[in-house]
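1. Take a look and give me a structure for this.
(one chain, ligands or ions: 1)
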Amino acid sequence: MVMQLLFDLPSAAKNFYQSDNSGVAPNPLPGTNVPAHHRVGFMRHHAASKYLNGAHLQGMTERFVETFKMRIMSSEHISDDQWTELPDFQDWLQKELFRSAMRAMCGPHFERLSPTSADDFWEYMRFIPVYGKGLPRWTNRAAYRARDRVLGAIMRWHSHAVEHAGCEPRADDSIWDEYWGAKIMKERYAYATKTEHLSAEAKASEDLAMIFAMNANAVPATVWFVLELTRSPELLLRVRKEVSAARIKLPSGEPSPDPFNLDVHVLGSSALLQSCYAEILRLYMTAALMRSPERNDYILGRWRFPRGKLIVLSSRTAHHNTDLWNQGTPDDFHPIDKFWSDRFLGVPDDEVRVGPARVLQTDKEGPTVTKSPSDHDNTSTKTDPEIKFSMERVSAGGWVPYGGGAHICPGRFFAKNEMLATFALISTAFDIELLDPDMHIEPNMDYFPIGMLPPKPKLPFRIRRKTTA
Ligand code: HEM
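-> Numbers count the residues shown, from 1 in each chain. Down below sits the predicted model:
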């Protein structure tokens, strides 16, 4: 359904997908009888978990960082010593992020073959709420033409990659090549071809879903992250210290003289940056997580969910639950619907920064510091070892921007790297200010519950290259 509405999957492919009832695990569900090369659910799931991790993740992150750095450093729009005013921060940043992330995932030919692809993708994203309604094409021709352009770009890239590099996976395939980009993209195309049931249009829809997964949430999350961290001068001072501490060390132990030579892993282990990252996803992510009991009816307390029926869970309900979340104290109040950089920090002897969950009367021991999920680095901040990042009591169902269980988002590690590295590079290279620093920036609820809510208004801003980077 989602595949048809948002990504224009042809009906024949939809029927083919629906005939795969074998699940996503390596072993097919008992009682199913789908040929191995028709197990599209498993193959898609397997490729994502395998190729968005380890060396593949590192390669993609390095390529993203290298491209983004090169693009912002060589941007001709931004002058060296004076402020440049631009009409919309979101529009500026999202196109740069899309181009850099796409080079990391699909290689350089994607943009070369379709030079307007970044504009076309964000035009397509603008119409996501329209496609979601499933109205016929004539009700909004501009929306459907925007999607056709993106699908056309994907088909051009597929034909070019097949022509130059084939699509048969080989043992000596590297983790990235210039035609397919990251290995996951070639693998996905190869298994789609092996099914013999997916047309060129269906393969393009499949990859539109992947390109959407990569950009639709991570990019607006990064836009919010940079916005919130640069808006408050006090917070900016604190986070810049964390960025400086992430400079790669020379063999002598001295920090590298190149301020852009940053260790993304060190950035990701800063308690303050992790807290800001977790808070952005808490505040603005609105996923409708869908599940269906596969084998038997599912019993939860006095509720029964019949086998095969759809269950939908809203991440926003969990993320805005005032019974769960720490909102500070009456004297230092941090409402659930406002960004608070320190919500996920645990600070000894601090009454306000007690970790993300509300302290209950029954809590005898006071603030403790997390047993956080393995995705997070629960280490001390680089600048103050007493301050810890905490997921205490919110990790099991309270904080679910990436879903959970077998279907948990496999791109979450890349997303975190993208958010942190982007902020670190931008804050090292530029000063950025909104033209109206007190402007109220609402999230755009038209995107509820599709995913990350982007900022609603245009954000006129000024930017200046830092001379003392
Ligand atoms: C802040 C950024 C992101 C957020 C909040 C996010 C969130 C999600 C959510 C909620 C799901 C569904 C999980 C479930 O049903 O339990 C999902 C699935 C998925 N995401 Fe992400 N995502 C992000 C970034 C990314 C990136 C950067 C990539 C790729 C590089 C990616 C690739 C995927 C894929 C392939 C799936 C489908 C997994 C499956 O069904 O097996 N995501 N994501």
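2. In the stretch 201-350 of the chain, where is pLDDT below threshold?
-> The stretch 201-350 of the chain contains no residues with pLDDT under 70.
3. ok, residue 401 - how many residues close by?
-> 24 (other C-beta atoms under 10 Å). Where you see a C-beta, it was placed from the backbone N, CA and C, and this is true even at glycine.
4. Show me the contact partners of stretch 290-307.
-> By C-beta atoms under 8 Å, 6 or more residues apart in numbering, the residues outside stretch 290-307 that reach it are 23, 29, 30, 308, 309, 310, 311, 312, 313, 407.
5. which one is residue 313 nearest to, not counting chain neighbours?
-> Spatial nearest neighbour of residue 313, chain neighbours left out: residue 289 (4.4 Å); criterion: C-beta to C-beta, 6 or more residues apart in numbering.
6. can you dump the C-alpha coordinates of whatever helix or strand that neighbour lives in into PDB?
-> Element membership for residue 289, per DSSP states H and E: strand 288-291. The C-alpha coordinates for strand 288-291 follow below in PDB (Å, rounded to 0.1, in the frame of the first residue of the first chain):
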ATOM      1  CA  ALA A 288       3.500   5.100  12.400                       C
ATOM      2  CA  LEU A 289       5.100   1.800  13.200                       C
ATOM      3  CA  MET A 290       3.100  -1.000  11.600                       C
ATOM      4  CA  ARG A 291       3.100  -4.600  12.700                       C
END
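7. Give me the nearest residue to residue 26, chain neighbours excluded.
-> Closest to residue 26 by C-beta to C-beta, 6+ apart is residue 42, at 6.9 Å.
8. next one: whichever helix or strand the one you found is part of to chain centre, how far?
-> Assigned by DSSP H and E, residue 42 belongs to helix 40-51. Chain-centre distance of helix 40-51: 18 Å, with C-alpha atoms, centre = their mean, to the nearest Å.
9. Which strands or helices does it pack on?
-> helix 11-18, helix 183-194 (3 or more C-beta pairs under 8 Å, 6 or more residues apart in numbering; DSSP states H and E).
10. Flag every buried residue along the shortest one.
-> Just to be clear, that refers to helix 11-18. 13, 16, 17 (16 or more other C-beta atoms under 10 Å).
11. follow-up on the earlier one: quick one, the helix holding residue 42 and helix 183-194 angle?
-> Angle, helix 40-51 to helix 183-194, by axes from the mean of the first three to the mean of the last three C-alpha atoms, to 10 degrees: 160 degrees.
12. ok, is helix 40-51 in contact with the ligand or not?
-> Yes. With C-beta under 6 Å from any ligand atom as the criterion, the ligand is reached by helix 40-51 at 45, 48.
13. For that helix, which residues meet the burial criterion?
-> 40, 41, 42, 43, 44, 45, 46, 47, 48, 51.
14. is it true that the last one touches residue 183?
-> Yes. In this structure, residue 51 is within contact of residue 183 by C-beta atoms under 8 Å, at 5.4 Å.
15. if we can go back for a sec, present the contacts of stretch 290-307 as CSV; the columns should include secondary structure and distance to the ligand.
-> Supplementary listing: the contacts of stretch 290-307 in CSV, determined by DSSP: H, G, I helix; E, B strand; the rest coil; distance: C-beta to the nearest ligand atom, whole Å:
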residue, secondary structure, distance to the ligand
23, coil, 11
29, coil, 16
30, coil, 21
308, coil, 17
309, coil, 16
310, coil, 12
311, strand, 11
312, strand, 11
313, strand, 9
407, helix, 4
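16. Scan these and report the most crowded one.
-> residue 23 (19 neighbours).
17. Need the contact partners of the helix holding residue 42.
-> So helix 40-51 is contacted by 16-17, 20, 22-26, 28, 56, 182-184, 187-188, 191-192, 195, 206, 406-407, 410-411 (C-beta under 8 Å, 6+ apart).
18. Identify each buried residue in stretch 176-196, please.
-> Result for stretch 176-196 [16+ other C-beta under 10 Å]: buried residues 176-177, 179-192, 194-195.
19. Quick one: end-to-end distance for it.
-> This stretch, stretch 176-196, spans 25 Å end to end (C-alpha to C-alpha, to the nearest Å).
20. Then stretch 1-15?
-> With C-alpha to C-alpha, one end of stretch 1-15 sits 11 Å from the other.
21. Also stretch 426-443?
-> 22 Å.
22. Kindly report the domain assignment for this protein.
-> Per the record, the chain has its domains at 2-11+36-215, 218-465, by automatic domain parsing.
23. which parts of the stretch 351-469 of the chain sit against the ligand?
-> Going by C-beta under 6 Å from any ligand atom, the residues of the stretch 351-469 of the chain near the ligand are 401, 402, 403, 404, 407, 408, 409, 410, 411, 414, 415, 452.
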